[in-house]
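**Q** A structural model of the following input is requested.
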Amino acid sequence: MTTGLDGRSVIVTGAGSGIGRAAALAFAEHGARVVAADLNAEGAKEVVREIEEAGGGAVAVVGDLSEQAVVDQVVETAVERFGGVDVLVNNAGIMDRMSALADVTDAEWERVVRVNLTAPFLLTRAVLPHMLQSGRGVIVNTASEAGLRGSAAGAAYTASKHGVVGLTKSLAVMYRKQGIRANAIAPGGTQTGIVVDAAQDAHGPAALGPHFVNIGKLARAEEQAAAIVFLASDAASNINGAILPVDDGWAAV
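**A** Alright, predicted model coming up:
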């Protein structure tokens, strides 16, 4: 079965590095045209350069995706350059400090939730009118193992990724009759270069330590990207509201 992604317009957030970069390149390999959105201008422009050098179509949009003006720019760019939005990949995210709830500051909570949950909400709300008009669309969110359990991150990150899971399932139910699908991957440990700024003697990291024994092998970003592309493709046409662990079995432990 073909992916059906050739010529499709795809927005990938966090496309400048890690899973987002791998996903942007993978979509381009399948013939999709990619809007690479990231706060990191250098990373976003580099992935666009790679896609264009390989003969694909891509454009970078740089900015903080938790800001409505940047969200509007991303969607407007997809519509103006590529004629609409067929696929939205809400991948951009940040880690917390592995803080236990009593130790979470207002700033840590607000920033993590804003980037990890509010930004996907804003982007999804912005693309839905275009998808509804065309009668089809796919949203793939990057949740986390922390969206499935309470022992994979700090309180802020865990709450935000549980929120992503709920957002995904709500979308799937609300819009399935309008031809829109929503799914998410739940990555386990992945080689992305993200550094957790956590004090090892704090309560959160100390309490979480034993739970990482069964984490399994670290995934490559390309393995996560392959799952994203699959869920966005026609091969997954009857998959809706699924949260797919990509974690070497960690969720099964």
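**Q** buried residues, the lengthiest helix in the chain. List them.
**A** The single longest helix within the chain, with elements called by DSSP state H, is helix 155-175. By neighbour count with 16 or more other Cβ atoms under 10 Å, helix 155-175 contains the buried residues 155-165, 167-169, 171-172, 175. All C-beta atoms are positioned from the backbone trio N, CA, C, and that covers glycine.
**Q** CA atoms only for it, dumped as CSV, please.
**A** This file holds the C-alpha atoms of helix 155-175, laid out as CSV (Å, rounded to 0.1, in the frame of the first residue of the first chain):
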residue,chain,number,x,y,z
ALA,A,155,5.0,16.7,37.3
ALA,A,156,4.8,19.4,34.7
TYR,A,157,6.0,17.3,31.7
THR,A,158,3.8,14.3,32.8
ALA,A,159,0.7,16.5,33.1
SER,A,160,1.4,18.1,29.8
LYS,A,161,1.8,14.8,27.9
HIS,A,162,-1.3,13.3,29.6
GLY,A,163,-3.0,16.4,28.2
VAL,A,164,-1.7,15.6,24.7
VAL,A,165,-3.1,12.1,25.0
GLY,A,166,-6.5,13.5,25.9
LEU,A,167,-6.4,16.2,23.2
THR,A,168,-5.7,13.5,20.6
LYS,A,169,-8.5,11.2,21.7
SER,A,170,-11.0,14.2,21.9
LEU,A,171,-10.0,15.2,18.3
ALA,A,172,-10.5,11.7,17.0
VAL,A,173,-14.0,11.4,18.4
MET,A,174,-15.2,15.0,17.6
TYR,A,175,-14.1,15.1,13.9
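**Q** what's in contact with the following helix or strand past that helix?
**A** Proceeding N to C from helix 155-175, the next assigned helix or strand is strand 180-187, under DSSP states H and E. Here strand 180-187 makes contact (Cβ atoms under 8 Å, 6 or more residues apart in numbering) with 19, 128, 131-132, 136-145, 147-148, 164-165, 168-169, 171-172, 175, 219, 224, 227-228, 231, 236-237, 239-247, 251.
**Q** mind giving me the PyMOL select for those, buried ones only?
**A** Buried subset of the contacts of strand 180-187, written as a PyMOL selection, criterion 16+ other Cβ under 10 Å:
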select buried, resi 19+128+131+137+138+139+140+141+142+143+144+145+147+148+164+165+168+169+171+172+175+219+224+227+228+231+236+240+242+243+244+245+246+247+251
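**Q** out of the contacts of strand 180-187, which sit inside strands?
**A** Gly137, Val138, Ile139, Val140, Asn141, Thr142, Ala219, Ile243, Leu244, Pro245, Val246 (DSSP state E).
**Q** return the set of buried residues in the lowest-mean-pLDDT helix or strand in the chain.
**A** Ranking every helix and strand in the chain by mean pLDDT, DSSP states H and E puts helix 203-208 at the bottom, with a mean of 90. By neighbour count on 16+ other Cβ under 10 Å, the buried set for helix 203-208 is Gly204, Pro205, Leu208.
**Q** need the residues you listed in CSV with distance to Arg97, can you?
**A** Shown next, in CSV, are these (distance: Cβ to Cβ, whole Å):
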residue, distance to Arg97
Gly204, 7
Pro205, 9
Leu208, 12
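**Q** just give me the closest of these to Gly4.
**A** Proximity to Gly4 was ranked across those by Cβ to Cβ; first place goes to Leu208, at 40.7 Å.
**Q** find the nearest non-adjacent residue to Ala226, please.
**A** What sits nearest to Ala226 in space, not counting adjacent residues and going by Cβ to Cβ, 6 or more residues apart in numbering, is Ala26, at 6.7 Å.
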